[in-house]
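J.: show me the folded form of this:
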Amino acid sequence: MKNLIFLFVLALFTSAVQSQSLTEKEITGTWQVVSIADEGTNPKEAQEMVFAYIDLYPDHTFQLRMKTAKGHINTFKNATWSFDEATQTITNSDGRFPIIVSKINSKIIFELSGIGMKLEVVMPM
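T.: Below you'll find the predicted structure:
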């Protein structure tokens with residue numbers, strides 16, 4: 001009986017923290033990186049992403065704006081993006097760094113696929 005209760009509680013907890021799907025409309029906009037959830041394989045690059053902005057414009061252009069020791073840089077400027085709702089993946093036109101999007105409770109995480117970096121992002125007011 002104890003095992004059955006334990007399994008029931010575990011099943012409830014697991015379903016409560018599962019990712020929630022997002023739509024293209026929900027991800028379109030400007031996102032600010034507020035923290036690094038996982039540095040992945042490149043801790044130095046991860047730290048440079050803190051307070052970066054990821055712009056996913058409605059016309060499907062894309063850019064990454066970040067501040068480095070050398071000043072502000074814009075990468076992927078005027079690249080295009082697409083979103084696969086089934087896989088929750090943002091792909092940019094040059095194919096580098098697909099972004100897996102997840103929503104866990106109220107947090108939005110952008111995972112840079114391939115390097116494992118996970119960024120907690122918010123839409124600034």
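J.: name the residue closest to the centre of the protein, please.
T.: Closest residue to the average C-alpha location of the chain: Phe110 at 0.9 Å, with Cα atoms, centre = their mean.
J.: contacts for whichever strand or helix holds that one, please.
T.: For Phe110, the host element (DSSP states H and E) is strand 107-112. The contact list for strand 107-112, computed with Cβ atoms under 8 Å, 6 or more residues apart in numbering, reads 22, 31, 33, 37-38, 40, 54, 90, 97-103, 117-122. Where C-beta positions appear, they are placed from N, C-alpha and C, glycine not excepted.
J.: which other helices and strands contact the very next helix or strand once past that strand?
T.: Going down the chain from strand 107-112, the next helix or strand is strand 117-122, by DSSP H and E. Strand 117-122 sits against strand 29-38, helix 43-49, strand 107-112, with contacts defined as 3 or more Cβ pairs under 8 Å, 6 or more residues apart in numbering; DSSP states H and E.
J.: let's see it at 10 Å
T.: In terms of contacts (3 or more Cβ pairs under 10 Å, 6 or more residues apart in numbering; DSSP states H and E), strand 117-122 is packed against strand 29-38, helix 43-49, strand 53-56, strand 99-104, strand 107-112.
J.: just the residues contacting that strand, thanks.
T.: Contacts made with strand 117-122 from outside it, assessed by Cβ atoms under 10 Å, 6 or more residues apart in numbering, are listed as 27, 30-43, 45-46, 49-50, 52-54, 97, 99-102, 104, 106-112.
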